[in-house]
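J.: Curious how this folds, go ahead:
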Amino acid sequence: MSSATPTHWQKASSLLKQNQPSNALTLFSGEFGMDHYNFGLWLMQDQQMKLAKIWFEKLQKNGVTHPQLFHWLGICCLKLQQIEQAEKYLKLAIKNWHDSTEPFILLAQHYRGGKRLVDAENILRQLMQRFPNAVGLWVKSGAFFMETGEYKRAIPFYLEAIKRDAKHVMAHNDLGHCHQFLGEFEQAHHYFCQTIQLDPEISGAYIGIASSKKYQQEDTQTEDLILTQSNKIQDPHSRACIHFALGKILDDKQQYSQAWNEYVLANDTRSKMNTDWSQNQWQQNIERIMGLFSSDVEVTKPKLSIQPLFIVGMPRSGTTLLERELCKHPAITTAGEADYLDQIVAAVSNNKSSGLFYPDHLELKPDLEGFRQFYLQQMMDKAQDLHPKTGWIIDKNPLNFVHLGLIRQMFPDAIIIHCQRHSLDVLISCYFQNFSHANLDFSYKISDLMHFIEQYQKLMQFWKNKTRWSFLEIHYDDLVEQPAITLKNLTKLFINNSSEQITPISNVHQVSTASIWQARQPIYRDSLQRWKNYSLQLKPYC
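T.: As a prediction, the model looks like this:
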């Protein structure tokens, strides 16, 4: 304890440890007041939750009616994993602490963590009944569910916010994202347009507008709206998003020369904002990885009820399309685009920037069992539609191609599927995307993109040359032109029951990558050899 801690607090703490709360109480003079409460809060701050609970319960039995008392008890019980008591105290806090939102939010978070979403929604509705005109609370309640992908539960809260404030920008913007993630693109388009009319600086809304539909020649209204709003802003990130959005719209309209010009402006703007990417560093990293995994290592195969299935390749090589189709099989589910392997490598190397870059030293001695447990727990928590038939869980982070050596050590029986696509189709598809992740900063210059692809191909050839293990390969063109045959041939390689092949399902899993619009559409052939539309612009690079 700090020497600055009041002496009677130190003595009281010792008495509480001896289970003598009554004697501890005698050390406090006068009526119940701030000294009593601050002592309990000091115990909580010192992580002595058990003692804090004993203390606050003693105050309660002695008639203390401080409105926050039940809230503090609820926090203590949650920390102590005393769930029923925590819920009881938080409900009492809601009843007695009339001017605060805190116990509502804490109880709702508790319910959400336990996947009791109906209970969480009911608590937030009680909150709004107490503060019906607090528009910000309606928006925060929507964000509460949106953060964990519960978009249908989020939408009513945002709508109520707009009823009370028709010009609330973030309510419109978040509604656009909710509808987009649900595949309701017409509604998403409407709310994104409303967003930029209210505030042209909301950069993500421009990308939302562009990605919510496929534009036709006669669609001029949206383009005119974006151009009008663009004259009002100077922020470079917003201007980059506007150019990316206009590029996509013009590409839809087959106005390829104008589209290319917009994409060049967008990427030039982004490259000035992201100056950390280094071709030399990337090449050294690939060489480091090949040196680190140059020799095969014997590993023990763990017995797992569910195996990871890794979909790797270049971004925009068809990984999202393959994930969507594989998830229609009853034995396969997905955790989406996970970065847990990046986290593991970053932890090993004490590198806080990116897990793509392996340690400078070659003495990577991973705690395989610890890493395995961490990875699987995170994947299970994130997975959608787990049921007894589930045998495979997809990690579709395409950049996991750098981690194949580590994957083979952690999960010798994992399925690895390498998605391949024409390198020029990959190049322009990446160049045309406004990626937000730092791992994709290579995409803003054609020269960086070409170097990244070259080194990726070099590393994949290295993995293919390994004689003791292999991975499956699938080409984007085959998946688009002959999806049924391609998927049947693929799945029979690792699923024994061939009678249970890809079958339709009622709801497509939620997609949150750059492929959000395409993932909701039927498989289409327009994306094949798309680079030819830009053959003139690409000629200097071919």
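
J.: Show me where the stretch 301-450 of the chain dips below the pLDDT cut-off.
T.: Residues of the stretch 301-450 of the chain meeting the criterion pLDDT under 70: 350-354, 360-365, 384-385.

J.: Equivalent analysis for the chain, please.
T.: Short version for the chain, where the test is pLDDT under 70: 1-3, 350-354, 360-365, 384-385, 467-468, 496-526.

J.: can you do 50?
T.: For the chain, the stretches with pLDDT under 50 are 1, 498-499, 503-515, 517, 519-520.

J.: which residues of it fall in strands?
T.: Counting by DSSP state E, the chain has these strands, from start to end: 307-313, 332-334, 392-395, 415-420, 472-475.

J.: closest one to residue 254 among the ones you listed?
T.: strand 472-475 (25.6 Å; C-beta to C-beta). (C-beta placed from N, C-alpha, C; glycine too.)

J.: helices or strands next to that closest one in the packing?
T.: strand 415-420, helix 483-491 (3 or more C-beta pairs under 8 Å, 6 or more residues apart in numbering; DSSP states H and E).

J.: before we move on, back to that, which of the strands of the chain sits closest to residue 118?
T.: Distance to residue 118, taken as C-beta to C-beta, is lowest for strand 332-334 among the strands of the chain, at 22.8 Å.

J.: Mind listing what's buried along the closest one?
T.: By neighbour count on 16 or more other C-beta atoms under 10 Å, the buried set for strand 332-334 is 332-334.

J.: quick one: strands adjacent to that strand?
T.: strand 392-395 (parallel) (DSSP bridges).

J.: contact partners of the partner strand?
T.: The contact list for strand 392-395, computed with C-beta atoms under 8 Å, 6 or more residues apart in numbering, reads 306-311, 323, 326-327, 331-338, 340-341, 379-380, 383, 386, 415, 494-495.

J.: Buried residues, that strand. List them.
T.: The neighbour-count check on strand 392-395 (16+ other C-beta under 10 Å) flags 392-395 as buried.

J.: about what we covered before: just put the helices and strands packed on strand 472-475 in JSON lines and tack on distance to residue 252 and mean neighbour count.
T.: Putting the helices and strands packed on strand 472-475 into JSON lines (distance: least, C-beta to C-beta, whole Å; neighbours: other C-beta atoms under 10 Å) gives the following:
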{"stretch": "strand 415-420", "distance to residue 252": "24", "mean neighbour count": "22"}
{"stretch": "helix 483-491", "distance to residue 252": "23", "mean neighbour count": "16"}
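
J.: So which of these is nearest residue 463?
T.: If we rank the helices and strands packed on strand 472-475 by C-beta to C-beta, the stretch that ends up nearest is strand 415-420, at 8.4 Å.

J.: Got phi/psi on residue 133?
T.: Main-chain torsions, residue 133, degrees, to the nearest 10: phi -100, psi 10.

J.: just residue 337 next, same as before
T.: Backbone geometry at residue 337, expressed as degrees, to the nearest 10, gives phi -90, psi 90.

J.: OK, contacts around the closest residue to it other than its chain neighbours?
T.: If the residues on either side of it in the chain are set aside, residue 337 comes closest to residue 397, at 4.8 Å by C-beta to C-beta, 6 or more residues apart in numbering. Shown in contact with residue 397 (C-beta under 8 Å, 6+ apart): 312, 337-339, 341-342.

J.: Show me how to select, in ChimeraX, the buried members of the contacts of strand 392-395.
T.: Entered in ChimeraX, the line below selects the buried ones among the contacts of strand 392-395, by 16+ other C-beta under 10 Å:
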select :306,307,308,309,310,311,323,326,327,331,332,333,334,335,336,337,338,340,341,379,383,415,494,495
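
J.: picking that back up, turn the helices and strands packed on strand 472-475 into JSON lines, including distance to residue 542.
T.: Listed next are the helices and strands packed on strand 472-475 as JSON lines, based on distance: least, C-beta to C-beta, whole Å:
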{"stretch": "strand 415-420", "distance to residue 542": "19"}
{"stretch": "helix 483-491", "distance to residue 542": "28"}
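
J.: Which among these is found nearest to residue 106?
T.: Of all the helices and strands packed on strand 472-475, strand 415-420 comes closest under C-beta to C-beta, at 41.5 Å.

J.: just how off-centre is that closest one within its chain?
T.: Strand 415-420 sits 22 Å away from the centroid of its parent chain (C-alpha atoms, centre = their mean, to the nearest Å).

J.: and what of stretch 403-415?
T.: Distance of stretch 403-415 from the chain centroid (C-alpha atoms, centre = their mean) equals 23 Å.

J.: With stretch 196-204 instead?
T.: Using C-alpha atoms, centre = their mean, the offset of stretch 196-204 from its chain centre is 23 Å.
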